[in-house]
Each structure stands twice: as C-alpha cells, then as structure tokens.
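> Give me a model of this one.
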Amino acid sequence: MILKVFTDKIQLSEAAASKAAGAIQRAIAERGNARIIAATGASQFEFLKALIQRRYVDWKRVEMFHLDEYVGLPASHPASFRQYLLERFIKPAGIEKYHLLDGEADPIEVCRSAGELLAAAPIDIAFVGIGENGHLAFNDPPADFMTEEPYIVVTLDEACRQQQVGEGWFATLDEVPKQAISMTVKQILKAREIICIVPDARKAQAVKDCFENEISPQFPASILRMHDNTTVYLDAESASLLRADLLSGSR
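Numbers count the residues shown, from 1 in each chain. From the prediction side, this is the model:
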C-alpha cells in the first residue's frame, strides 16, 4: 500500500483521477472492458468531477458496481447513493452498463442478485473512501473480515450515522436509516487495484487509526494494508496526524 499526500483536495483529486483513468484504459486495452466499483459521499465529489473530465476514457466499455446503499431509502431522497451516482458519475460520464443497489427492495435478495453479477468476473479497480469511524464501504467497526459473501446487510453505528448528518445528507440522526446494504471487506480486496480517496481534517483521526494501529476489524480500513496494489490519496489535513515515516513510501 502506498500513501500519497497532496496540498489540498483539488490536487489530490486530480492525481487520483489521472491514475484511475489510466487503470481503466489499461483494463479496456487488455480485456476489452473495465469493471469498476464506485464510492460515494462528500469526500468523493472532487475526485469524480475530475475523473469524468478525462474524456479519453472509453466510458461505454466500463461496467460499474455500487459499494453500498441505505435500506428503505427511496431513490428520490437526496441522500440516496443511487441518485448520487446517476447525477455525479453515470450520466455525466456516459456509462451505459451499471448495477445500482435497490434500497427499497428486499435487502437479502438485493445482496444475492447484485453479488452474483459482481462475482461473475474480476473487478479491475475499486474506488473507496474511509469513514470518520474508519469504515470501509458501510463496514463499521468491528467489521466482518471473514465473510465470503459479496454483499451483506449491516447495522450502522451511531458514529457512521452522525457523519451523514454532519455532511448534510440528513437533518437529524433519527432520519438516518439504521441499516444498509454494503459490499464486504473481502470483496473489495478482490479488486485488482484499489484507489482510496480521503480528504479533509475530519478524517485525520480515522487515517491515523487505520494506518498506525494493528490491522483489525476495529479499524476497518486498516485491511487495505493487506492489498498489494492500493494507493491512498490524502490531503494535508487528512494526513495531519500521521507519523512522518509512514509517508515516505509504501506500507
């Protein structure tokens, strides 16, 4: 795993987008198409904007999968990740083949059907973030590092739900759904390459916890250190609590 630090989130996003676009194009050149996993949340705004500006990417040859979605939340809700991806990534990029998680359907059936599609062939590249509580997708601590299922239904902890309020997706904690469908940790790690985008000071403690402590379900994103082709993009604020020696190379 490699940690890279940039002055601000704009520089971070431009660098991550260039690497992501290159990885997508390589997959298309080698296999005829690229299968990707896309993350959502406020931390991904600038990255996705920069990525879709890479017009040389042949988006019609890209197949996109969805990391997570709230259980019971309508697609019309401003916090819906389906709406987020359609508005901020799928439509602007011109992606024609995509698989969104239906939070209003039976979550067990959604996990099964989406998991079958996801597992049909290897994933070339996964875009992920890290939550304020260290979560990876919606795998809150203590995360399940063992399940082989591609997707599971998870119960969101209060810190995760409070983050959604803090980012402005919901007005109050009571409005935030208590459950979500999430891609599992093991499934994320099956991607050939992982690009992790983590800007902002509010993520600094999570970054420190996940990259300075032991690899543990208590620090879900710490598992990224076990993947041999992961690059984590930080800005000065999110990296502010890290030991200097962690920024000198790969870990």
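> Excluding chain neighbours, give the residue nearest to residue 147 in space.
Closest residue to residue 147 apart from its sequence neighbours, by C-beta to C-beta, 6 or more residues apart in numbering: residue 184 at 5.4 Å. The way it works is simple: take the backbone N, C-alpha and C, and place the C-beta from them, glycine included.
> Report how many residues lie close to that neighbour.
Counted with other C-beta atoms under 10 Å, the neighbours of residue 184 add up to 24.
> and if you look at the one 10 residues further on?
Applying other C-beta under 10 Å, we find 23 other residues in the vicinity of residue 194.
> Which residues does it form beta bridges with?
residue 126, residue 230 (DSSP bridges).
> For the residue nearest to residue 147, give me its contacts.
Neighbour list for residue 184: 137, 139, 144, 147-152 [criterion: C-beta atoms under 8 Å, 6 or more residues apart in numbering].
> Check these and tell me the two furthest apart.
Farthest pair in the contacts of residue 184 (C-beta to C-beta) is 137 and 148. Separation: 15.6 Å.
> and the two? which has more neighbours close in?
Set residue 137 next to residue 148 and count neighbours by other C-beta under 10 Å: residue 137 wins out with 29 against 8.
> Low-confidence regions, the stretch 151-251 of the chain specifically.
Across the stretch 151-251 of the chain, the ranges flagged by pLDDT under 70 are 248-251.
> Repeat the analysis, applying 50 as the threshold.
249-251 (pLDDT under 50).
> Secondary structure and distance to residue 106 for the contacts of residue 184 - can I get that in JSON lines?
Compiled in JSON lines, the contacts of residue 184 are given as follows (DSSP: H, G, I helix; E, B strand; the rest coil; distance: C-beta to C-beta, whole Å):
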{"residue": "137", "secondary structure": "coil", "distance to residue 106": "20"}
{"residue": "139", "secondary structure": "strand", "distance to residue 106": "21"}
{"residue": "144", "secondary structure": "coil", "distance to residue 106": "21"}
{"residue": "147", "secondary structure": "coil", "distance to residue 106": "19"}
{"residue": "148", "secondary structure": "coil", "distance to residue 106": "21"}
{"residue": "149", "secondary structure": "coil", "distance to residue 106": "15"}
{"residue": "150", "secondary structure": "coil", "distance to residue 106": "16"}
{"residue": "151", "secondary structure": "strand", "distance to residue 106": "13"}
{"residue": "152", "secondary structure": "strand", "distance to residue 106": "14"}
